[in-house]
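A.B. asks: Have a look; sequence and predicted model below, questions after that.
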2 protein chains.
Amino acid sequence: MSRIEVVSSVLRANQVRAEETRARLDAAGVACVNLISAPGSGKTTLLQKTITALEGIPCAVLVGDLQTTRDAERLAAAGAPVVQINTGRGCHLTADQVAEGLDRLDLSQIQLLFIENVGNMVCPAGVDLGEHRRVALLSVPEGDDKVAKYPTLFQGADLVLLTKVDLLSVLPFAVRQVEEDLARVNTRAPLQQISTLEGTGMDAWLAWLRALVAG
Amino acid sequence: MSRIEVVSSVLRANQVRAEETRARLDAAGVACVNLISAPGSGKTTLLQKTITALEGIPCAVLVGDLQTTRDAERLAAAGAPVVQINTGRGCHLTADQVAEGLDRLDLSQIQLLFIENVGNMVCPAGVDLGEHRRVALLSVPEGDDKVAKYPTLFQGADLVLLTKVDLLSVLPFAVRQVEEDLARVNTRAPLQQISTLEGTGMDAWLAWLRALVAG
């Protein structure tokens, strides 16, 4: 068997498991959002603020990291059930890992499940985890060339969050460049600016999540 | 053949090619540095400033990106021969790609070769490209928890550059946390603070490179 055949069969098995997970979430009435970005784009901080702000919508989080339970500890402090998945050297979460993580949650008690993927702009983009929506984050300090350089992530996103926009005043960054590059690869996903530090854009993000849960 | 066997055989083939590349560089008297970090940590900007500042040491760059030739254009403007390698969906450079890139450079005209890997904190860490030294970059906006969360990259580094330290005054970041986490996984690699914007730490970085070339 060639390497390409092996990889393709692994991806097919992942897709089957992802579809099972989506059906399981649908049956439980749980909406699921997969957050993908480079390390340090602000996924965990955003989720901390989001869980606290989404009063009336019980949430849970599956969080993937190579090592440590730091993110899980930060998120648990925000009051949601959290399952930490350590991937070791694995560069993305897999549908199997998510399915196992779900076994440790009581789906009847939640309406919204966040998956915080391993910090990586490349590998998680090609892997369905059974989510309903995929959110790509890009933070201002990463630079305005990233949509063009990592198109796969942004092509597959349902929503793109431009995070840490409080730093637009101190760092060189052309939002228009991001808008233009995004328009070339994805005409469907809105680009929302957000700053968890200053609160900018939180209302729009929360409204998007509430609509998804109501949907 | 199981997936693990296939992956292992791919890695063995990569290692053989990397050793060939190292021997080829040694024979040509070229020192080679592999730069690895998350997207947006400042690899390209650092190389632009470095190439300009290293007067008397002719440099070249192999730069890996999924898409675009933007980094190559920026680096070529700094006056060095540059080969851009587009990896498509590939999450790291391979020793084969680097060996092919070398064919497009005149090694007799350079003393120092930089490899700017695909922006990714996970996958490039496990792949030898034939370099002599490996430099890991971590930028202040990414957060002070990244050494603990992505230990593989920092374990294998010969030098760790903490970049964008001009932002230490406006972002929450504990340098001591990074120092402590690094001490747990790597006692060999120094941690150098650097800001290409303000010039902080450039002298130490250039001295490290000059010592490597003088070898």
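C.D. replies: That came in fine, so what should we check first? Residues are numbered from 1 along each chain as shown, chains lettered A, B, ... in the order given.

A.B. asks: State the distance from the residue positioned nearest the centre of chain A to A:N120.
C.D. replies: Taking CA atoms, centre = their mean as the criterion, A:L35 is the residue nearest the geometric centre of chain A, at 0.4 Å. Distance from A:L35 to A:N120, counting by CB to CB, to the nearest Å: 12 Å. All C-beta atoms are positioned from the backbone trio N, CA, C, and that covers glycine.

A.B. asks: So what touches the helix or strand that contains the residue nearest to the centre of chain A?
C.D. replies: Following DSSP states H and E, one finds A:L35 within strand A:31-36. Strand A:31-36 is contacted from outside by A:22, A:25, A:43, A:46-47, A:111-117, A:120-121, A:124-125, A:129-137, A:153, A:157, A:209, A:212-213, A:215, using CB atoms under 8 Å, 6 or more residues apart in numbering or on different chains.

A.B. asks: Intersect these with the contacts of chain B.
C.D. replies: Filtering the contacts of strand A:31-36 for proximity to chain B (criterion: CB under 8 Å from any CB of the partner chain) leaves A:N120, A:M121.

A.B. asks: Among the contacts of strand A:31-36, the buried ones, what's the ChimeraX command?
C.D. replies: A single ChimeraX command selects the buried members of the contacts of strand A:31-36 (16 or more other CB atoms under 10 Å in any protein chain shown):
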select /A:22,25,43,46,47,111,112,113,114,115,116,117,120,121,124,125,129,130,131,132,133,134,135,136,137,153,157,209,212,213
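
A.B. asks: wait, A:N120 sits on B:G119?
C.D. replies: No - contact status for A:N120 versus B:G119: not in contact, 9.5 Å apart, counting by CB atoms under 8 Å.

A.B. asks: what sits in contact with each of these two?
C.D. replies: Common neighbours of A:N120 and B:G119 (criterion: CB under 8 Å, 6+ apart): A:A38.

A.B. asks: What strands flank the strand holding A:L35, and is each parallel or antiparallel?
C.D. replies: strand A:112-116 (parallel), strand A:133-139 (parallel) (DSSP bridges).

A.B. asks: Sketch out the low-pLDDT regions of chain A for me.
C.D. replies: Along chain A, segments meeting pLDDT under 70 span A:1-7.

A.B. asks: Which parts of it are strands?
C.D. replies: A:31-36, A:59-65, A:82-86, A:112-116, A:133-139, A:159-163, A:191-193 (DSSP state E).

A.B. asks: Export these as TSV, with columns for distance to B:D103.
C.D. replies: Formatted as TSV, the strands of chain A follow (distance: least, CB to CB, whole Å):
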stretch	distance to B:D103
strand A:31-36	35
strand A:59-65	39
strand A:82-86	41
strand A:112-116	42
strand A:133-139	35
strand A:159-163	38
strand A:191-193	41
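
A.B. asks: Chain B contacts on chain A?
C.D. replies: Applying CB under 8 Å from any CB, we find that chain A lies next to chain B at A:1, A:3, A:6-7, A:10, A:38-40, A:65-68, A:70-71, A:89-91, A:118-123, A:126, A:139, A:141-143, A:145-146, A:148-152, A:164, A:167, A:170.

A.B. asks: Can you flag the buried ones in the residues you listed?
C.D. replies: Judged by 16+ other CB under 10 Å, buried ones among those: A:6, A:38-40, A:65-68, A:70-71, A:90-91, A:118-123, A:139, A:141-143, A:145-146, A:148-152, A:164, A:167.

A.B. asks: Just the ones of those residues in helices?
C.D. replies: Applying DSSP state H to those, the entries found in helices are A:V6, A:R70, A:D71, A:K146, A:A148, A:K149, A:P151, A:T152.

A.B. asks: how about CSV for these, with distance to B:D103 added?
C.D. replies: Converted to CSV, those look like this (distance: CB to CB, whole Å):
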residue, distance to B:D103
A:V6, 29
A:R70, 44
A:D71, 43
A:K146, 30
A:A148, 27
A:K149, 24
A:P151, 28
A:T152, 28
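
A.B. asks: which ones are touching A:A72?
C.D. replies: So A:A72 contacts A:V61, A:V63, A:V82, A:V83, A:Q84 (CB under 8 Å, 6+ apart).

A.B. asks: For those, give me a markdown table that also has distance to B:I194 and neighbour count.
C.D. replies: Listed next are the contacts of A:A72 as a markdown table, based on distance: CB to CB, whole Å; neighbours: other CB atoms under 10 Å in any protein chain shown:
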| residue | distance to B:I194 | neighbour count |
| --- | --- | --- |
| A:V61 | 34 | 28 |
| A:V63 | 31 | 27 |
| A:V82 | 35 | 26 |
| A:V83 | 37 | 21 |
| A:Q84 | 32 | 19 |
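
A.B. asks: can these go into TSV with extra columns for distance to A:A183?
C.D. replies: Output for the contacts of A:A72, formatted as TSV (distance: CB to CB, whole Å):
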residue	distance to A:A183
A:V61	31
A:V63	32
A:V82	36
A:V83	37
A:Q84	37
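
A.B. asks: contacting residues for A:A80?
C.D. replies: A:A80 sits next to A:I51, A:P58, A:C59, A:A60, A:V61 when contact means CB under 8 Å, 6+ apart.

A.B. asks: meant to ask about A:I110
C.D. replies: With CB under 8 Å, 6+ apart, A:I110 has these contacts: A:V30, A:P58, A:C59, A:A60, A:P81.

A.B. asks: could you flag which of those are buried?
C.D. replies: Buried among the contacts of A:I110 by 16+ other CB under 10 Å: A:V30, A:C59, A:A60, A:P81.

A.B. asks: neighbours of the closest residue to A:V83 other than its chain neighbours, just the number please.
C.D. replies: In this structure, A:V83 finds its nearest non-sequential neighbour in A:G101, 4.4 Å apart by CB to CB, 6 or more residues apart in numbering or on different chains. The local packing of A:G101 (other CB atoms under 10 Å in any protein chain shown) involves 23 other residues.

A.B. asks: What's the separation between A:G101 and chain B?
C.D. replies: Distance, A:G101 to chain B, using CB to the nearest CB, to the nearest Å: 18 Å.

A.B. asks: With A:E19 instead?
C.D. replies: Per CB to the nearest CB, A:E19 is found 21 Å from chain B.

A.B. asks: residues touching that residue, list them.
C.D. replies: A:E19 touches A:G130, counting by CB under 8 Å, 6+ apart.

A.B. asks: thinking A:T68 is in contact with B:V147, fair?
C.D. replies: No - if you go by CB under 8 Å, A:T68 and B:V147 don't touch, sitting 10.1 Å apart.

A.B. asks: and A:A53, what does it touch?
C.D. replies: Per CB under 8 Å, 6+ apart, neighbours of A:A53: A:M202, A:L206.
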